[in-house]
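Chemist: coords below, sequence missing:
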């Protein structure tokens, strides 16, 4: 699709990276098969979407191996190229540095392409709250996983799958200042097209099939410990410290099957608006999140608070009855209204005066094992601001922290036994031109060193039943428990 004349014109216009695009028919492939053929290794990713739990979003994104990865741990930035650290330096403001890294690349916007054609892809871990709220820096917790606070891959080689047309955009970025850049980009596109047509290595069988079930997962809290922590949260609420605190527990299990098989099982069991598989070398992150943290698109800021949960019914009639019960529950309605107000406040901090609106209100969205109440808040971004400012205003989501947010975060860090790491942070992308889409990292597994970790939370309020809150965390984890069991057994 990119012509040599377009490439030369982009070079003349001073662009430092130019997307060289080839469109191919791919009606016999799926996004997952394209990932396995073209990526399937360290520093790659797959993003898919199922909207409303029923239909696939138009585009799926397959990230080919990233040549450069940015890792922030505290205020130290490490830059990796081809897996090796090539630069380490201290940065005063990591979120501002992320924006600087994005803006360092001057890339033309070509017509007729999907919304995302490259940029920064990865996660902002929960502990990024320390960059935003200095009060929280004094509270240190054991770091069980040791993942970077921010990990972003420079995604300049990718494939975007058009699920509507059954076509695939192969995108390779080239620096027009380098000799033979156009020829090298086209040779790479030739090689990718060949691999797409002739397939990759045969998909391996599960080496050691193993039966797993929910009872094999070990809680870092224990049921008794979690219930005791809920009682402590209620004491804080009765004392007037907070209205709501989202307390979570982490469960883990030994795991030696292929991580991508967890994704395969999860996308079938629990299709969601944000489905992702990220392989960053020694760690894989697999998720099926129902909730955006924040989307920035064409200057429009969007958040969609999710709060209020019931398990799915065994029959259609039972499902409808549970929906009616959920919508009539005064505790759930009050909690959801509080989070709408929090969303309006967060969006309002970076939006033009008078532009904040609540669109959908109290809509029920259904997933494989649970249903939720969902609303939507939007605003128009103030001039001169970027995604880094939006993240600073909205992170972390009220649905994984509580209200008032800072005091809720202090209570969480006091009572939870370890750092949350990726859980309850943000996963997604920031495009070359500043648009971004990030999900809250819930319904998400982290696989590392032969062990798989799942984390889930429950919103505690003054009249919460501690045993029911434990059950809610288990209900939220159930789709992942089942996906892990299927992957361990062999698909």
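Modeler: In hand now; what should we look at? Keep in mind it's a predicted model, so treat the numbers as computed, not measured.
Chemist: For the lengthiest helix in the chain, buried residues please.
Modeler: Looking across the chain with DSSP state H, the single longest helix is helix 466-489. For helix 466-489, a neighbour-count test (16 or more other C-beta atoms under 10 Å) marks 466, 469-470, 472-488 as buried. The C-beta positions use only the backbone N, C-alpha and C, and glycine is treated the same way.
Chemist: Contact partners for the closest residue to residue 213 other than its chain neighbours?
Modeler: Leaving aside its sequence neighbours, residue 213 sits nearest to residue 485 (C-beta to C-beta, 6 or more residues apart in numbering; 5.8 Å). Counting by C-beta atoms under 8 Å, 6 or more residues apart in numbering, residue 485 touches 211-214.
Chemist: Ramachandran angles for residue 366?
Modeler: Dihedral pair for residue 366: phi -110, psi 140, per degrees, to the nearest 10.
Chemist: What's the separation between it and residue 374?
Modeler: Distance of residue 366 to residue 374, computed by C-beta to C-beta, to the nearest Å: 10 Å.
Chemist: Same check on residue 357?
Modeler: According to C-beta to C-beta, residue 357 and residue 374 sit 16 Å apart.
Chemist: Which one's more surrounded, those two?
Modeler: Just comparing residue 357 and residue 374: by other C-beta atoms under 10 Å the higher neighbour count belongs to residue 374, 19 against 13.
Chemist: Bridge partners for the more buried one, pull those for me.
Modeler: In this entry, residue 374 is beta-bridged to residue 306, residue 363, by DSSP bridges.
Chemist: So it is in contact with residue 305, correct?
Modeler: Yes. Between residue 374 and residue 305 there is a contact under C-beta atoms under 8 Å: 7.3 Å.
Chemist: got any ranges where the protein has weak pLDDT?
Modeler: The model of the chain has pLDDT under 70 over residues 51-56, 200-202, 204-207.
Chemist: middle-most residue in it, spatially?
Modeler: Central residue of the chain (C-alpha atoms, centre = their mean): residue 427, 2.6 Å from the mean position.
Chemist: So what sits opposite that residue in the bridge?
Modeler: Beta-bridge partners of residue 427, as defined by DSSP bridges: residue 123, residue 439.
Chemist: And residue 76, how far from residue 489?
Modeler: Distance, residue 76 to residue 489, by C-beta to C-beta: 41 Å.
Chemist: correction: residue 465
Modeler: Relative to residue 489, and taking C-beta to C-beta, residue 465 is found at 34 Å.
Chemist: cool, and residue 460?
Modeler: According to C-beta to C-beta, residue 460 and residue 489 sit 35 Å apart.
Chemist: What of residue 448?
Modeler: Distance of residue 448 to residue 489, given as C-beta to C-beta: 21 Å.
Chemist: Ok, residue 371 next?
Modeler: Distance of residue 371 to residue 489, computed by C-beta to C-beta: 28 Å.
Chemist: ditto for residue 473
Modeler: Per C-beta to C-beta, residue 473 is found 24 Å from residue 489.
Chemist: With residue 231 instead?
Modeler: In terms of C-beta to C-beta, residue 231 sits 38 Å off from residue 489.
Chemist: Then residue 410?
Modeler: Look at residue 410 and residue 489: by C-beta to C-beta, they are 42 Å apart.
Chemist: first vs last residue of stretch 19-35, how far apart are they?
Modeler: Taking C-alpha to C-alpha, to the nearest Å as the measure, stretch 19-35 stretches 20 Å from start to finish.
Chemist: Name the residues that touch it?
Modeler: Stretch 19-35 is contacted from outside by 1-2, 7, 37, 44, 46, 48, 60, 62, 107-108, 110, 113, 117-118, 159, 161, 163, 166-174, 182, 185-186, 189, 193, 196, 260, 263-264, 267, 277, using C-beta under 8 Å, 6+ apart.
Chemist: So which of those belong to helices?
Modeler: In helices, judged by DSSP H, the following of the contacts of stretch 19-35 are found: 7, 37, 182, 185-186, 189, 193, 196, 260, 263-264, 267.
Chemist: picking up where we left off before, which residues touch the residue nearest to the centre of the chain?
Modeler: 122-123, 274, 276, 278, 285, 287, 289, 438-439, 441, 444.
Chemist: Check the offset of stretch 286-302 from the chain's centre.
Modeler: 9 Å (C-alpha atoms, centre = their mean, to the nearest Å).
Chemist: what do you get for stretch 305-321?
Modeler: Going by C-alpha atoms, centre = their mean, where stretch 305-321 is centred and where its chain is centred differ by 24 Å.
Chemist: What residues sit buried inside it?
Modeler: 305-312, 319.
Chemist: show me the contacts for residue 175.
Modeler: Counted by C-beta under 8 Å, 6+ apart, residue 175 has contacts 16-18, 181.
Chemist: just checking, residue 151 is part of a strand?
Modeler: Yes. Membership of residue 151 in a strand is supported by DSSP: H, G, I helix; E, B strand; the rest coil.
Chemist: That one: how many residues sit nearby?
Modeler: By other C-beta under 10 Å, 25 other residues sit near residue 151.
Chemist: ok, it touching residue 280?
Modeler: Yes. Contact criterion C-beta under 8 Å: residue 151 and residue 280 qualify, at 6.0 Å.
Chemist: who touches both of these two?
Modeler: Contact with both residue 151 and residue 280 is made by residues 69, 122, according to C-beta under 8 Å, 6+ apart.
Chemist: So what's the residue count around residue 259?
Modeler: 20.
Chemist: Next one: the nearest residue to it once chain neighbours are set aside from residue 127, what distance?
Modeler: Among residues not flanking residue 259 along the chain, residue 284 sits closest, at 3.8 Å (C-beta to C-beta, 6+ apart). As judged by C-beta to C-beta, residue 284 and residue 127 stand 20 Å apart.
Chemist: Compare the two (neighbour count), which wins?
Modeler: residue 127 (26 against 20).
Chemist: Would you verify that that one is located in a helix?
Modeler: Yes. Assessed by three-state DSSP, residue 127 belongs to a helix.
Chemist: Make 46 the starting number, not 1.
Modeler: With the count now opening at 46, the last piece we talked about shows up as residue 172.
Chemist: Is it in contact with residue 467, as I believe?
Modeler: No. In this structure, residue 172 is not within contact of residue 467 by C-beta under 8 Å, at 9.8 Å.
Chemist: contacting residues around the host helix or strand of residue 175?
Modeler: When elements are assigned from DSSP states H and E, residue 175 belongs to helix 174-177. The contact list for helix 174-177, computed with C-beta under 8 Å, 6+ apart, reads 119, 138-140, 181-182, 194, 437, 440-441, 454.
Chemist: One more pass at 10 Å, please.
Modeler: Contact with helix 174-177 is made by 117, 119-120, 136, 138-141, 169, 180-185, 194-195, 433, 436-441, 446, 450-451, 454, 457-458, 465, 469-470, as judged by C-beta atoms under 10 Å, 6 or more residues apart in numbering.
Chemist: Okay, and which of the residues you listed map to strands?
Modeler: Within these, residues falling in strands by DSSP state E are 117, 169, 195.
Chemist: hang on, the earlier thing: specify which member of the contacts of residue 530 is nearest to residue 125.
Modeler: Proximity of the contacts of residue 530 to residue 125 (C-beta to C-beta) peaks at residue 257, which lies at 33.2 Å.
Chemist: tell me the contacts of the closest one?
Modeler: By C-beta under 10 Å, 6+ apart, the contact list for residue 257 reads 298-300, 302, 497, 526-527, 529-534.
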